Structure formats: C-alpha cells, structure tokens
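**Student:** this is a predicted model, with the sequence first.
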Amino acid sequence: MISSARVLGAFIHKFSNGFSFKCSTSFPLQRTGLLETNVCWSWISYEVKPNYPVRRIWTFSPVCMGRRSSKIAGRKEAQDAKKAKRYGKIGKEIVSAVKKGGPNPVSNTVLAAVLEKAKELDVPKEILERNIKRASEKGQEAYIEKFYEVYGFGGVGIVVEVLTDKITRSVAAVREVAKDYGGKMADPGSIMFKFRRARVVNIKVTDADKDQLLAIALDAGAEDVIEPPTYEDDPEEDRTESYYKVVSSSENYSMILSKLREEGIAFEPDNGFELLPITTIEVDDEAMELNKELMSKLLELDDVDAVYTDQK
C-alpha cells in the first residue's frame with residue numbers, strides 16, 4: 001500500500017493538471033502522397049520511385065524545448081523489463097498451443113507457428129522444451145490473452161497486456177495496483193483506440209547510424225522508423241538508453257531482422273507485437289514520475305507481459 005502522502009499528491013494532481021499534445025518524433029515511411037503539417041519545424045526530403053507513391057522521411061528528430069533530462073531516466077528500466085517478459089510470454093503461448101493441439105508441431109500448426117516465432121526471437125531451446133513439458137502437467141490450464149485499460153495522470157492512457165490462465169486473478173491484480181498507485185480502471189475500448197498494433201524492432205541509437213538504418217528499413221519494406229524524442233538540455237549519456245523503433249508488417253518482419261543481422265546491428269525484437277500510440281501526450285514532471293511508478297508496478301505482475309502508454 002502506498003503512503004497517504006502519495007495518495008493525496010495523486011488526488012490533487014488529477015484535479016490540477018491537464019495535458020498537452022506533443023509532435024511526433026518519427027520519420028515515417030508512410031505510403032502516401034500527402035505531406036502533412038507537423039507542429040515542430042523539421043527539414044523534409046522525399047523520394048519518388050516509378051509505380052510507387054511518395055514515402056516521407058524526417059531527416060532529423062524535432063528538438064523539443066523545456067524538458068529536463070530526468071524525464072528519460074526510466075528508459076533503461078522499461079527496456080530491461082520488456083526484455084525480461086519476452087521469454088515468459090513465449091512460454092505461455094507454447095503451453096496454450098500444446099494444450100489445444102498436442103506437443104507435435106507437425107500436426108499442431110499453432111504450436112509450429114509459436115516455435116517459428118520463438119526462433120525469430122532467439123528464445124533458447126531449453127525454454128521451449130521446458131514449457132512443452134509443462135503443458136502436460138496436471139492442473140495446468142491454457143492461457144488467454146486479455147487487455148486492461150487504465151487512466152494514468154495528466155490525461156495519459158495505459159494499456160496492460162496480459163496472457164493469463166486465471167482471468168479473475170489477473171484483473172484483480174491489475175485493479176489493485178491501479179487503485180494503490182493513483183490510476184483508474186477504464187471501460188474496454190476507452191483507451192485502446194488510441195493505439196495501433198504492429199511488429200517492432202527496437203535498436204539502441206548508439207548501435208546504429210541513422211542513415212544506415214533508414215536504408216535498411218526502406219530496402220526491407222518497413223512502415224515507419226520512429227526516432228526517440230530529444231530535448232535541448234539532454235546530456236549525451238542519456239542517448240545510450242534511447243531506442244529507434246523500426247515498425248513493420250508481419251510479412252516483412254523477418255526480412256528486417258535478417259538485414260540487421262547481415263549489417264551486424266544489435267537489436268531487440270518485440271514479443272510478437274507492440275501497441276504504438278497514434279498520438280502522444282506530454283505531461284509535467286510530477287505526472288511523469290507518478291505514471292512511471294504506476295507502469296512499473298503493473299509490469300511487475302506475473303500475468304502481465306507488457307504495458308503500453310501514450311505518454312511522451
């Protein structure tokens with residue numbers, strides 16, 4: 001249970017702070033012939049190829065003013081937590097597939113697909129074997145995918161991805177954390193429409209040259225390359241925990257991973273998909289810290305595989 005001081009601070013903040021929208025920091029490779037207006041100034045270049053519509057590319061990330069570098073402090077923690085959850089989710093998917101169709105991937109096409117994805121994500125063989133065996137244990141039930149939606153601070157929306165064998169347990173745990181850390185459960189669909197589902201490759205900015213990454217993305221048919229936000233007072237060391245996001249369709253995802261391997265670029269794959277905010281929201285220092293704590297506690301729950309937010 002959080003302290004009474006935090007509860008009071010969260011209560012006061014909800015009634016004293018609004019939210020503002022912030023410009024995208026992506027350089028999208030969208031297949032469109034329209035150049036949209038952006039609220040931050042950026043130089044734009046574009047390329048026209050025969051028989052293809054225009055693809056837009058931001059040539060550099062908009063520099064956003066007036067934010068302290070401490071706003072980026074949670075990046076490493078979030079990436080590490082997401083990485084730690086990846087194998088757990090694959091394990092649960094294997095259990096569900098085996099429960100439905102048996103342990104033989106030749107006859108069980110669902111299991112074969114999960115194992116192929118596990119190979120794509122470099123999941124160790126022993127984890128796969130352990131979960132195939134676990135599926136035959138007495139009392140082990142299949143897992144069900146659920147999404148819970150939570151209102152955070154400053155108008156921020158949070159989506160909690162869950163793969164659970166006990167829905168009543170998972171929803172109770174999410175509701176308790178949301179209540180204890182100042183969030184509020186939302187009705188289904190209230191927040192989800194603000195996100196889109198996509199395959200994503202995460203690449204640390206210090207591990208890749210932006211021009212090289214753009215060339216790979218274009219060649220492999222990526223949909224977007226999202227650049228992390230930059231702030232005018234960021235110290236250089238904060239860049240070590242910033243990530244590009246290469247957004248792809250399921251069909252082109254394996255090609256992008258292959259291209260990155262060929263170029264010797266380190267990357268972190270997703271765990272099957274990510275939910276990306278259509279529009280991001282900028283909040284003040286207090287709201288950001290409160291949301292960071294709320295999301296961290298949600299991600300600690302055993303049933304939770306990922307937590308997504310539209311917070312900048």
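**Tutor:** Sure, I can see it.

**Student:** neighbouring contacts of the longest strand seen in the chain?
**Tutor:** Determined from DSSP state E, the single longest strand within the chain is strand 195-204. Residues outside strand 195-204 that contact it (Cβ atoms under 8 Å, 6 or more residues apart in numbering): 79, 159, 213, 223-224, 240-250, 253, 256-257, 260, 265-270, 273-278, 308, 310. Any C-beta I mention is one placed from the backbone N, CA and C, and that applies to glycine too.

**Student:** quick one, which of these are buried?
**Tutor:** Among the contacts of strand 195-204, those buried by neighbour count (16 or more other Cβ atoms under 10 Å) are 79, 159, 213, 223-224, 241-248, 253, 256-257, 260, 265, 267-270, 274-277, 308, 310.

**Student:** what's the angle from the helix or strand hosting residue 307 to strand 195-204?
**Tutor:** Using DSSP states H and E, residue 307 maps to strand 304-309. Put simply, strand 304-309 runs at 100 degrees to strand 195-204, going by axes from the mean of the first three to the mean of the last three Cα atoms, to 10 degrees.

**Student:** and strand 304-309, what does it pack onto?
**Tutor:** Applying 3 or more Cβ pairs under 8 Å, 6 or more residues apart in numbering; DSSP states H and E, one finds that strand 304-309 makes contact with helix 75-101, strand 157-164, strand 274-277, helix 285-299.

**Student:** give me the domain ranges for this protein.
**Tutor:** Following the TED database, one finds the domains of the chain at 70-136, 144-309.

**Student:** please identify the helix or strand for residue 247.
**Tutor:** Here residue 247, judged by DSSP H and E, is contained in strand 243-248.

**Student:** neighbouring strands for that strand, and are they parallel or not?
**Tutor:** Using DSSP bridges, the strands paired with strand 243-248 are strand 195-204 (antiparallel), strand 224-226 (antiparallel).

**Student:** so what touches it?
**Tutor:** With contact meaning Cβ under 8 Å, 6+ apart, strand 243-248 is reached by 75, 79, 198-205, 208, 210, 213, 216-217, 220-228, 256, 268, 274, 276.

**Student:** cool, thanks, signing off.
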